[in-house]
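Student: Attaching a predicted model along with its sequence, questions to come.
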Amino acid sequence: MGNLQALSLSASIDEGLCDLTQALTIHLQSNHYPPLPTSLIPACLEAIKQANAGNWDAIVKLPDGVSWRGKNWAPVGECIEGWHLDAFLDECDD
């Protein structure tokens, strides 16, 4: 499943079948083992927003109980990669 389901969820957003928060909830809970906590959704939304703006080195605050290398924040790029959020990014032309 994983990436294919994430791409399908992203398409569902484009088709108006669900919103980004709903899609991220499904993604975090079903495309990761063990499932990631839904408390990460605000951090995911911020990481996606910053990545779409090209701010890959920006910092995302993590929810209580979640850390990255012992810190309560993580760089956008690490969030996108670690939580497999690339399917939810705006398409860009290179």
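Tutor: Structure received.
Student: residues near residue 15, how many?
Tutor: When counting by other Cβ atoms under 10 Å, one arrives at 8 neighbours for residue 15. To be clear about C-beta, it is placed using only N, CA and C from the backbone, and glycine gets the same treatment.
Student: Give me the buried positions along the helix or strand of the chain with the lowest mean pLDDT.
Tutor: Taking mean pLDDT, DSSP states H and E as the measure, the chain has helix 3-14 as its least confident helix or strand, at a mean of 90. Of all the residues in helix 3-14, those buried under the rule 16 or more other Cβ atoms under 10 Å are 6, 9-10, 13.
Student: Would you mind listing the outside residues contacting it?
Tutor: 18-20, 23, 26-27, 30-31, 84-88 (Cβ atoms under 8 Å, 6 or more residues apart in numbering).
Student: Just the buried ones among these, please.
Tutor: 20, 23, 27, 31, 84-85, 87-88.
Student: Not counting sequence-adjacent ones, nearest residue to residue 87?
Tutor: Here the nearest residue to residue 87 in space, its sequence neighbours aside, is residue 6; by Cβ to Cβ, 6 or more residues apart in numbering that works out to 3.7 Å.
Student: separation between residue 51 and residue 89?
Tutor: Summarising the geometry, the distance separating residue 51 from residue 89, computed by Cβ to Cβ, to the nearest Å, is 6 Å.
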